[in-house]
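Participant: Need a 3D model of the sequence below.
(2 chains)
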Amino acid sequence: MLLETWWLIPLLLVSLCGLVCPLLGTLLVLQQRVLTTNLMAYAVLPGVVFAKALGWPALLGGITGAIGAVLLAEWLMQGRPAGSGQAEAVLNTVLAASLGLGVLLIQALELPVNLNGLLYGDLLVAGPTDLLRLVVALALVLLVLGLRFQQLQWLGLDPEGAEAMELPLRGLRLAMAALTGLVVVSATAAVGLALVMALICAPSVAGLVGARSLPQALHRASGLGLAISLAGCGLSLGLNLPPGPLIACACLALLMGRAHRNVLLGRQRGSN
Amino acid sequence: MFVPLLQARQLAFAYGDHPVLEFINLDLPMGSCTLIQGDNGTGKSTLLQLLQGKLQPSAGWVRLAGRPLRGQRRRLALVPQVPSLRWHYPLDVMGLVALGCGGHHQRSRQALEQVGLTPQAQTAICSLSGGQRQRVLIARALAQQAAVLLLDEPMAFVDAASREQLGSLLSALTAAGTAVVLTAHGPLPASLQAVRQLRLQHGQLLPVG
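Facilitator: Model (predicted):
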């Protein structure tokens, strides 16, 4: 049994996912781009399907679909009053339509696509290519953090102030969009498009509680993400259930645990 | 020939079909302190945003040291009445100020000292009071070595003691050569000296008194 290595790639995949999703997620939460990221996750589906039909790389199709959906949503949101709730309505409509378009394309083109695997993850069919994609995604996230740390701080803290200082942030915004598409596509094998947001958001939110600096928040988030992913993977083997949904449920348990802890701490402070 | 630090000529601005400012002319020398008064909705905040280059005028121009604003906007620091800054961001006071000068620690320390926030250097920005937030944004402006400081209603959310402290700080800044423009409704603190007063009325800027 110990000589069998079938579990190695799925384990490495899940571990890398647990590291890279919360790293990117922390930046996205701080930049208030979570809704847009959710849209991108679902818009990957029609992009991947279209790429498969044309014989293009799935990664290229996925990123194109994700960025295309964001541009479409931004165009539809133009002229709508800020804070009116209309922007959210538009984003969610494009999200739902992207999912619908993906499903329609699969049926209409009669493509041999494992829809469940794309939406909820399928570690057992993951291969070295999926692993390499995640390694590249992690490397790029770390590179952007290392080379553009101050600019990332501006984007998350004070984008209007950055504009007033004439800081060149447009390129960084585009890089973040492309990086988000890459991470989402890369995480498909482990947790799937429908569930990746849990791994992007929950460890990031938990890591931000009480964090005194961005590096501290990033370290915490990636540590929590790794722990959750490995726990989900372990439970999956023990219970013979798919890991993606288990990881998503573990993310919810993390947030509930944090909320419970905050309530207890609040009561303690009140009684003192 | 003497060239004022900041010049605005025939400045005009409209929100859609609604004109707000017309034929605004303004000269700000180095080390000057100018108060712009006016009722709500007269365009005081709009004027400050035009002077900083955040808004583009429908007519007229603004120049800093005789040159267009483009490429120089970091020398004009605008502290708005309601900053859009995300105060829940994980950062301490020193980190926020250092952002204004690319992480230059000595400049950040000096700026914090000038605004009296050295003891709060390691404090998380989410814990700051309204007055402290004003001062930390002024410190960031000082760290970025802004030649012009534009303050929109800086006295609005601070108590009397903090107003006097702010007044002393602004007086010290003008004495050091920074041009300060502020808008205010109520009376100014006694510690703020040598203030030129202008009034914005019906889209025009007029001297007071």
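Participant: What is the burial count for residue B:10?
Facilitator: 12 (other C-beta atoms under 10 Å in any protein chain shown). Bear in mind the C-beta positions are built from the backbone N, C-alpha and C, glycine included.
Participant: Does it belong to a helix, a strand or coil?
Facilitator: Taken by DSSP: H, G, I helix; E, B strand; the rest coil, the conformation at residue B:10 corresponds to strand.
Participant: Do I have it right that it meets residue B:26?
Facilitator: No - Residue B:10 is beyond contact range of residue B:26, at 10.6 Å (criterion: C-beta atoms under 8 Å).
Participant: So which residues of chain B form strands?
Facilitator: Counting by DSSP state E, chain B has strands at residues B:6-15, B:18-28, B:33-37, B:59-64, B:67-68, B:76-79, B:148-152, B:179-183, B:195-201, B:204-207.
Participant: closest to chain A out of those?
Facilitator: Nearest to chain A among the strands of chain B is strand B:76-79; the distance by C-beta to the nearest C-beta comes to 6.2 Å.
Participant: elements contacting the closest one?
Facilitator: helix B:44-52, helix B:130-143, strand B:148-152 (3 or more C-beta pairs under 8 Å, 6 or more residues apart in numbering or on different chains; DSSP states H and E).
Participant: Looking at the ones you listed, which is nearest to residue A:5?
Facilitator: Of all those, it is helix B:130-143 that lies closest to residue A:5, at 54.1 Å by C-beta to C-beta.
Participant: buried residues in that closest one?
Facilitator: B:131-143 (16 or more other C-beta atoms under 10 Å in any protein chain shown).
Participant: residues in contact with the nearest residue to residue B:178 once chain neighbours are set aside?
Facilitator: Ranked by C-beta to C-beta, 6 or more residues apart in numbering or on different chains and with sequence neighbours excluded, the top spatial neighbour of residue B:178 is residue B:149, at 5.6 Å. Listed by C-beta atoms under 8 Å, 6 or more residues apart in numbering or on different chains, the contact set of residue B:149 reads B:77, B:79, B:138, B:141, B:170, B:173, B:178, B:179, B:180, B:181.
Participant: give me the number of residues near the residue lying closest to residue A:60 once chain neighbours are set aside?
Facilitator: Residue nearest to residue A:60 in three dimensions, not counting chain neighbours: residue A:51, with 6.0 Å by C-beta to C-beta, 6+ apart. Residue A:51: 19 surrounding residues under other C-beta under 10 Å.
Participant: what does the one 4 residues further on give?
Facilitator: Residue A:55 has 6 neighbouring residues, counting by other C-beta under 10 Å.
Participant: Report the separation between it and residue B:143.
Facilitator: Separation of residue A:55 from residue B:143 (C-beta to C-beta, to the nearest Å) stands at 55 Å.
Participant: list the contacts for the residue nearest to residue B:168 when sequence neighbours are not counted?
Facilitator: Nearest residue to residue B:168, sequence neighbours excluded (C-beta to C-beta, 6+ apart): residue B:191, at 4.3 Å. Residues counted as contacts of residue B:191 (C-beta under 8 Å, 6+ apart) are B:164, B:165, B:167, B:168, B:171.
Participant: and the residue nearest in space to the middle of chain A, what element?
Facilitator: Geometric centre of chain A, nearest residue: residue A:200, 4.2 Å, by C-alpha atoms, centre = their mean. Using DSSP states H and E, residue A:200 sits in helix A:196-208.
Participant: and chain B, which of its residues are near chain A?
Facilitator: Neighbours of chain A within chain B, by C-beta under 8 Å from any C-beta of the partner chain: B:52-54, B:70-71, B:73-74, B:77-78, B:83-86, B:89-92, B:95-96, B:99-100, B:102-103, B:124, B:144.
Participant: Can you flag the buried ones in the residues you listed?
Facilitator: Buried among these by 16+ other C-beta under 10 Å: B:52-54, B:73-74, B:77-78, B:83, B:85-86, B:89-92, B:95-96, B:99-100, B:124, B:144.
Participant: remind me, longest helix of chain A?
Facilitator: helix A:243-271 (DSSP state H).
Participant: who's in contact with the most centrally placed residue in chain B?
Facilitator: Nearest to the geometric centre of chain B sits residue B:150, at 1.7 Å (C-alpha atoms, centre = their mean). Applying C-beta under 8 Å, 6+ apart to residue B:150 gives the contacts B:48, B:51, B:52, B:76, B:77, B:78, B:79, B:181, B:182.
Participant: now residue A:241
Facilitator: With C-beta under 8 Å, 6+ apart, residue A:241 has these contacts: residue A:235.
Participant: Am I right that it sits in a strand?
Facilitator: No - applying three-state DSSP, one finds residue A:241 to be coil, outside a strand.
Participant: For it, give me phi and psi.
Facilitator: Per-residue torsions, residue A:241: phi -120, psi 160 (degrees, to the nearest 10).
Participant: low pLDDT regions in chain B?
Facilitator: Where chain B drops to pLDDT under 70, the residues are B:1-3, B:194, B:209.
Participant: hmm, who's touching the biggest helix by length in it?
Facilitator: Assignment by DSSP H gives helix B:160-175 as the longest helix of chain B. Helix B:160-175 is contacted from outside by B:31-33, B:114-116, B:131, B:134-135, B:138, B:142, B:149, B:151, B:154-155, B:158, B:180, B:182, B:188-194, using C-beta under 8 Å, 6+ apart.
Participant: List the buried residues in it.
Facilitator: B:162, B:163, B:165, B:166, B:167, B:168, B:169, B:170, B:171, B:173, B:174.
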